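*Asks:* coordinates for the following, if possible.
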Amino acid sequence: MNNGLLQVEGLRLHYRTTQGVVQAVDSVTFTLGPRQALAVLGESGCGKSSLARAILRLLPRNIEVYDGCVRVQGLDVMPLDEERFRRDVRWRQISIVMQAAMNALNPVLRIVDQVLEPLLVHQGVPRAAALDRVRDVFQMVGVPLDFLGRYAFELSGGMRQRVVLAMALVLQPPLVLLDEPTSALDVLTQANIMNVLKRIKHDTGTSFILITHDIATSSELADRVAVMYAGHLVEISDAGHFFHEPLHPYSQKLMASVPRLRQDTGLEYIPGRPPSLIALPQGCRFAPRCPQRFAKCEQAPPMIDTKDGRQVRCWLYE
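*Replies:* Numbering: from 1, shown residues only. As a prediction, this is how the structure comes out:
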């Protein structure tokens, strides 16, 4: 694995609620190299978006636990105070495309002013030079230049998503987090957005972490895949191996639930429902739903390295 860009080790993010502590991200460890795209897959509520927020330190007030190690190009950013993290890391080194583009944009500001803001605030670029950079980024993501003076409510969903992507790319960060970037778009617009992302990755070398539950969409961009279940990563694999032969029983069920154009196989489903992150089961967290469970699943499995370089959290591969 190339660990030159991002290293996450033992990252935890737990929320305090009136019902108890939500273990949204629990001891997550992975690495990401330059010019790579990592897809984080899993059902809704498994902690994917919380993982992105933990990396970029976009945290709510009800934090119970937030610790671990996050290294960006070798620098451990967890000890940094909020001001230095905002100045040196957020948007310069790592940016994010939020799930709902309309909620991420200010409805009373023109989109050009919102995309300009990171350049003016983080780099102190003169407005004329910043405008030139914004025009370049708009052309990169496919937004017509005559949209510069428009407001968010005047744009389609696909165009709003492109504007938010332009905002994330305007400072040329080496890593962009994509939190369900196509979830509210029609199929054709989804394909167009994914083509834009693939072109940007190829042309600029930007790395991406794509957070999604859409397996078909993730296969378009991903070099590697991490599967998340109940706050844990249960499998980390290169995309080629994963999409043809997933290892973890949960991953296998996920892939079996996706229709195939060139294979005459019946669709499967995962029985039961994900556990509450407030009251997690003992041992393997997937065991209550797993068709391959056995006695040892009463103990929590570690991440196991396989001979072909993958990692899986399952006793079947001990």
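
*Asks:* centroid residue for the protein?
*Replies:* Centroid check for the chain by Cα atoms, centre = their mean gives Ile211 as the closest residue, at 3.1 Å.

*Asks:* mind listing what that residue touches?
*Replies:* By Cβ atoms under 8 Å, 6 or more residues apart in numbering, the contact set of Ile211 is Val40, Lys48, Ser49, Leu51, Ala52, Leu177, Leu178, Asp179, Glu180. Bear in mind the C-beta positions are built from the backbone N, C-alpha and C, glycine included.

*Asks:* give me that answer again for 7 Å
*Replies:* If you count contacts by Cβ atoms under 7 Å, 6 or more residues apart in numbering, Ile211 has them with Val40, Lys48, Ser49, Ala52, Leu178, Asp179, Glu180.

*Asks:* nearest to Val125, of those?
*Replies:* Val125 lies nearest to Leu178 out of the contacts of Ile211, by Cβ to Cβ, at 25.0 Å.

*Asks:* in the chain, which spans are helices?
*Replies:* Counting by DSSP state H, the chain has helices at residues 48-56, 82-88, 101-104, 111-118, 127-141, 157-169, 187-204, 215-221, 239-244, 249-256.

*Asks:* mean neighbour count, distance to Cys314 and mean pLDDT added to these, as JSON lines?
*Replies:* Shown next, in JSON lines, are the helices of the chain (neighbours: other Cβ atoms under 10 Å; distance: least, Cβ to Cβ, whole Å; pLDDT from 0 to 100):
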{"stretch": "helix 48-56", "mean neighbour count": "23", "distance to Cys314": "20", "mean pLDDT": "95"}
{"stretch": "helix 82-88", "mean neighbour count": "13", "distance to Cys314": "36", "mean pLDDT": "93"}
{"stretch": "helix 101-104", "mean neighbour count": "17", "distance to Cys314": "37", "mean pLDDT": "82"}
{"stretch": "helix 111-118", "mean neighbour count": "20", "distance to Cys314": "42", "mean pLDDT": "93"}
{"stretch": "helix 127-141", "mean neighbour count": "16", "distance to Cys314": "40", "mean pLDDT": "94"}
{"stretch": "helix 157-169", "mean neighbour count": "23", "distance to Cys314": "35", "mean pLDDT": "92"}
{"stretch": "helix 187-204", "mean neighbour count": "15", "distance to Cys314": "30", "mean pLDDT": "90"}
{"stretch": "helix 215-221", "mean neighbour count": "18", "distance to Cys314": "19", "mean pLDDT": "87"}
{"stretch": "helix 239-244", "mean neighbour count": "16", "distance to Cys314": "14", "mean pLDDT": "93"}
{"stretch": "helix 249-256", "mean neighbour count": "21", "distance to Cys314": "7", "mean pLDDT": "94"}
